[in-house]
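S.K.: predicted model and sequence follow; I will ask about them next.
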Amino acid sequence: QVLLVESGGGLVQAGGSLRLSCAASGRTSSSYAMGWFRQAPGKEREFVASISWSGGNTYYEDSVKGRFTISRDNAKNTVYLQMNSLKPEDTALYYCNTGVGGVQYWGQGTQVTVSS
């Protein structure tokens with residue numbers, strides 16, 4: 001069992017920045033990739049970014065490349081998403097995700113709202 005708790009969301013003006021955090025507990029290990037997904041109202045959940053267990057490999061959805069940065073601190077069992085140059089279309093509920101032993105785990109989500 002893995003528990004993921006996101007934090008750091010909020011209301012920000014377009015062009016602003018936020019840093020999301022996801023703290024993992026339970027059956028945690030640095031040997032698992034972690035990711036961020038988001039879901040806007042009326043839309044399906046979509047991939048945002050992921051990071052390998054070592055942090056050496058990162059992947060981004062095209063619309064966030066150059067604006068978002070994913071990182072992790074394995075000593076703290078925490079993954080981060082630094083979001084810069086935010087746009088109104090980034091407004092969504094952001095979820096943290098990992099897969100352990102073939103099971104997908106999700107956090108409860110943190111709301112990001114970007115005003116124009």
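M.R.: Perfect, thanks for sending it.
S.K.: same for the host helix or strand of residue 79, what does it pack against?
M.R.: When elements are assigned from DSSP states H and E, residue 79 belongs to strand 78-83. Secondary-structure packing of strand 78-83 (3 or more CB pairs under 8 Å, 6 or more residues apart in numbering; DSSP states H and E): strand 18-26, strand 34-39, strand 46-51, strand 68-73. (Glycine included, C-beta is placed from N, CA and C.)
S.K.: JSON lines for those, including distance to residue 57?
M.R.: As requested, the helices and strands packed on strand 78-83 are exported to JSON lines (distance: least, CB to CB, whole Å):
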{"stretch": "strand 18-26", "distance to residue 57": "18"}
{"stretch": "strand 34-39", "distance to residue 57": "12"}
{"stretch": "strand 46-51", "distance to residue 57": "7"}
{"stretch": "strand 68-73", "distance to residue 57": "10"}
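S.K.: so how far is residue 69 from the spatially closest residue to residue 36 that is not a sequence neighbour?
M.R.: Once flanking residues are discounted, residue 36 sits nearest to residue 48: 4.3 Å by CB to CB, 6 or more residues apart in numbering. Spatial separation of residue 48 from residue 69 under the definition CB to CB, to the nearest Å is 11 Å.
S.K.: low-scoring stretches of this structure, by residue?
M.R.: Along the chain, the model assigns pLDDT under 70 to residues 28-30.
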